[in-house]
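>>> One predicted model, sequence on top.
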Amino acid sequence: MSGRRLAGRAMVLLTLDDITAHRAMEVALHRSEEQRRQAAHDFNNLLTVVVGYCSLLSHTLVDDHEACEQVAHIEQAAGRAAALTEQLLAFSRRKILQPKVFALNPLLVEFDRMLRRLLDERIRIRLDCDFEVGAVRADPAEIGRVVMNLALNARDAMPGGGTITLATAPIVMDDEQAASRDLRPGAYAQLSVADDGIGMDAEARSHLFEPFFTTKDVSRGAGLGLATVLGIVQQSGGAIACESTPGRGTRFDVWLPVASEPSDGGANGAGATRDPAWHASGTILVVEDEESVLRLTRALLESRGYSVIEAPSGQQALDIIASPVAIALLLTDVVLPDIGGRDLWLRAAATRPALKALFMSGHTEDVLLREGIEQGAPFLQKPFTPDELWRKVREVVATSA
Ligand SMILES: Nc1ncnc2c1ncn2[C@@H]1O[C@H](COP(=O)(O)OP(=O)(O)OP(=O)(O)O)[C@@H](O)[C@H]1O
Ligand SMILES: [Mg+2]
């Protein structure tokens, strides 16, 4: 509505706009987004089952080498499928990060070893770690993904071979430097991945971080690598920049804020729990409505010595919680058909205030936040590998209530 003066007389102009079509389109878009998420969630459940049984099978099959090898192939393919789903979803949403304080150098040493195995021998890897670089607070698995994506891009840029340099350095940014990178002034850990490959022109550089920007053919690149990298770096409170000269090479610098708290120990929390002789005890209440995941989780936990009580719904879990049975941990899906995982845990607190909970889900962050699961809550992303399940369960059971 607006006031006008027309032919010397005051008028009111009322504009009516039919937004039916616009609305319908919004609703349709929203619905397809929900469907995509649901599909990804179902797919993650299936992959969890595939990977889990592969792991159990390979223990049964120790003497049959050919069968073991075939199982390993299935496992690998499922792992790649999981990574791809993850990548497809990652750039369009914010993930739940699981930040901890860790040192960058050991992470790079680990990647150095892994990349040597992964890349062909015409690609040399140079490690240039500065031991003064401070610990950072971030999700080590996600920072690993950053290094991996940058290293794979470097490899692709050097079809005839060359050198990838992984480097760290401590950096203190003054007001001006920080402002130019959209950061706060202070201490940062710089993580660089450089190559001496084909480089990029200014045009490519200007689209670098856009989702689906790729110069590779469809079978090789989705154009999601750097979009994912940017998302992770920004969510970790850092920044990234790229310098490149056509024909001379490319260098990416990532800056992560240095943590003020002391290190949580270990490069990335792995290692100790890999011990195959490790055996646990205690009863775990597993709440999961997807039967195949429930059965698998039970088999995996029992193989490590835990006792398992199954509950396919929140209500059945509450009945068990109300009974006098000892429970060391509540391992629950976040989204259940009746009571959500978090509500279940809150209600359980009425009878068992010290009950520890570990939430698991194949859903994306938006859904989890809506369900009241906060960043930093004990959380297991589906699809999980047996190692991830064992490690997380052991970690949460070990924390003091
Ligand atoms: N180190 C590099 N040297 C030269 N060009 C690069 C380098 N890193 C990225 N690029 C360019 O940026 C584009 C986008 O990279 P990005 O990692 O986002 O996608 P991609 O590698 O093409 O596909 P994906 O990572 O999804 O498999 C690449 O296609 C390439 O043209
Ligand atoms: Mg890439």
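Sure thing, it's come through. Ligands and ions are numbered 1, 2, ... in the order given.
>>> Name whatever forms a beta bridge with residue 192.
Beta-bridge partners of residue 192, counted by DSSP bridges, are residue 167, residue 253.
>>> is it true that it touches residue 252?
Yes - in this structure residue 192 lies within contact range of residue 252 using C-beta atoms under 8 Å: 6.7 Å. Quick note: C-beta positions are derived from backbone N, CA and C, even for glycine.
>>> Same drill for the two, tell me which one is more crowded.
Applying other C-beta atoms under 10 Å to residue 192 and residue 252 shows that residue 252 carries more neighbours, namely 25 against 17.
>>> Please tell me how far the more buried one sits from residue 345.
41 Å (C-beta to C-beta, to the nearest Å).
>>> Does stretch 246-265 reach ligand 1?
Yes - interface with ligand 1: stretch 246-265 contributes residue 250 (C-beta under 6 Å from any ligand atom).
>>> Help me see whether that stretch makes contact with ligand 2, please.
No - Stretch 246-265 is not in contact with ligand 2 by C-beta under 5 Å from the ion; minimum separation 11.2 Å.
>>> Report the mean confidence score over that stretch.
For stretch 246-265, mean pLDDT is 84.
>>> All further residue positions should be reported with the first residue as 32.
New numbering, starting at 32: the last item is stretch 277-296.
>>> buried sites along it?
For stretch 277-296, the neighbour count (16 or more other C-beta atoms under 10 Å) marks 280-290, 295 as buried.
>>> Check stretch 97-115 too.
Buried residues in stretch 97-115 (16+ other C-beta under 10 Å): 99, 102, 106, 109-110, 112-113.
>>> Secondary structure and distance to residue 152 added to these, as CSV?
Output for those, formatted as CSV (DSSP: H, G, I helix; E, B strand; the rest coil; distance: C-beta to C-beta, whole Å):
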residue, secondary structure, distance to residue 152
99, helix, 27
102, helix, 28
106, helix, 25
109, helix, 28
110, helix, 24
112, helix, 28
113, helix, 28
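>>> quick check, nearest of those to residue 159?
Ranked by distance to residue 159 (C-beta to C-beta), the buried residues of stretch 97-115 are led by residue 110 at 29.9 Å.
>>> low-confidence ranges in this protein?
Across the chain, the ranges flagged by pLDDT under 70 are 60, 63-64, 118-127, 249-250, 292-310, 395-398, 406, 431-432.
>>> what does it have sitting close to ligand 1?
Going by C-beta under 6 Å from any ligand atom, the residues of the chain near ligand 1 are 180, 184-185, 188, 226, 228-231, 235, 239, 244-247, 252-258, 281.
>>> taking the residues you listed one by one, which sit in helices?
Mapping these onto helices (DSSP state H) picks out 180, 184-185, 235, 256-258.
>>> And those residues, which two are furthest apart?
Across those (C-beta to C-beta), the longest gap, 17.1 Å, separates 185 and 258.
>>> By neighbour count, which bits of stretch 160-168 are buried? Give me those.
Here stretch 160-168 shows 160, 164-168 as buried, counting by 16+ other C-beta under 10 Å.
>>> now do stretch 133-153
By 16+ other C-beta under 10 Å, the buried positions in stretch 133-153 come out as 133-136, 138-139, 141-143, 146, 150.
>>> Export those to TSV and append columns for distance to ligand 2 and secondary structure.
Output for these, formatted as TSV (distance: C-beta to the ion, whole Å; DSSP: H, G, I helix; E, B strand; the rest coil):
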residue	distance to ligand 2	secondary structure
133	24	strand
134	26	coil
135	21	helix
136	24	helix
138	19	helix
139	19	helix
141	20	helix
142	16	helix
143	19	helix
146	14	helix
150	14	coil
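>>> quick one on the thing from earlier: more neighbours: residue 185 and residue 258, which one.
Neighbour tally, residue 185 and residue 258, criterion other C-beta under 10 Å: the higher count belongs to residue 185, 27 against 21.
>>> ok, now how distant is the more buried one from ligand 2?
Using C-beta to the ion, to the nearest Å, residue 185 is found at 9 Å from ligand 2.
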